[in-house]
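Visitor: Could you work out the structure for the sequence below:
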Amino acid sequence: MNNTEINTIIFDLGGVLIDWNPRNLYRKIFNTEEEIDWFLANVCTGEWNEQQDAGRTFEEATEELLSRFPEHELPIRAWYGRWQETISGPIADTVKILETIKHSKKYKLYALTNWSAQTFPWALQNFEFLHWFEGIVVSGIEKTRKPFPEFYQILLNRYSVNPTQSVFIDDSHRNILGAEAMGIRGIHFQSPEQLQKELFRLDIL
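Guide: As a prediction, this is how the structure comes out:
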C-alpha cells in the first residue's frame, strides 16, 4: 500500500491519544503495585470493564462487584466515583502527530473507541483535539465494541470509509487483528516515536 491509496486514518483514543490507566487512580488507594495487580486481576478486571464499554451502566457494574467482593467496597466504588483520576491527560506527542495529519488536509480522520457512554461526554469537554475528528464511534453508545466486526463496520458504513484505503492505530494487538480481519491496515501503537516511524514509512507524515 502506498500513500496515494490511503485516504483515511482511524485512531483509538485511550492509550494512544489519552493516558487512561486505572493505576493512575489506584496508586492513591493501595500501598503497593502488588496490591494493585491483584485487584485489577481479580476484582475490577479488564473483562468487567469491557461490559461497561459495551453499554452496561456504572451502577449495575458496581453492584455486581459489591455483591461478590463486599470487603473491597472502597476501591470498587472508586473506579467510577473517581474515574477522572484514571486519566492523567493527553499523550502530547501523539496529539502532535494527529495535529500534523490534520493540517496536511490529505486524510479523513476518525476515532473508534471502547469507552463508556456515561463518561465520554466528559472527554469531549476536556480534550479539544477530539473535535478534530470528522466522526467518533463510541462503543458504549453503539452497545458493541472492539474487536467485534460489527463495531468496525459501523464506522465503515456511517462514514462511507473504504477499509482498503484506511489505517487504524490502536494500542491493543487484539483490536488491530480485528481491524485487519475487516481489511483495514493496522498499526499496533507502542509509543509516539514508533507511531511516527510507521507513518513516515507509509508516507503519511
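Visitor: Which is the succeeding secondary structure element to the host helix or strand of E64?
Guide: Secondary structure assignment for E64, by DSSP states H and E: helix 58-68. Toward the C-terminal end, the helix or strand that comes next after helix 58-68 (DSSP H and E) is helix 73-81.
Visitor: gap between A111 and H103?
Guide: 17 Å (C-beta to C-beta, to the nearest Å). (C-beta placed from N, C-alpha, C; glycine too.)
Visitor: returning to what we had before: by contact count, what packs against the helix holding E64?
Guide: helix 46-53, helix 73-81 (3 or more C-beta pairs under 8 Å, 6 or more residues apart in numbering; DSSP states H and E).
Visitor: Report the contact partners of L112.
Guide: I10, F11, D12, I136, V137, K146, F151, Y152, L155, F168, D170 (C-beta atoms under 8 Å, 6 or more residues apart in numbering).
Visitor: quick one on the thing from earlier: A111 and H103: who's more crowded?
Guide: More crowded of A111 and H103, by other C-beta atoms under 10 Å: A111, with 24 against 9.
Visitor: Report the secondary structure state of that one.
Guide: strand (DSSP: H, G, I helix; E, B strand; the rest coil).
Visitor: Give me the spatial nearest neighbour of it, chain neighbours excluded.
Guide: Sequence neighbours aside, I136 is the residue nearest to A111 in space, at 4.3 Å (criterion: C-beta to C-beta, 6 or more residues apart in numbering).
Visitor: Just confirm that neighbour is within a helix.
Guide: No. I136 is assigned strand when assessed by three-state DSSP, not a helix.
Visitor: The chain: helices as residue ranges?
Guide: 22-26, 33-42, 46-53, 58-68, 73-81, 92-104, 120-126, 139-142, 149-158, 173-181, 192-201 (DSSP state H).
Visitor: Now do the fourth one: distance to the chain's middle.
Guide: So the one you mean is helix 58-68. How far helix 58-68 lies from its chain's middle: 23 Å, per C-alpha atoms, centre = their mean, to the nearest Å.
Visitor: same deal with the first one?
Guide: The chain centroid and the centroid of helix 22-26 are separated by 16 Å under C-alpha atoms, centre = their mean.
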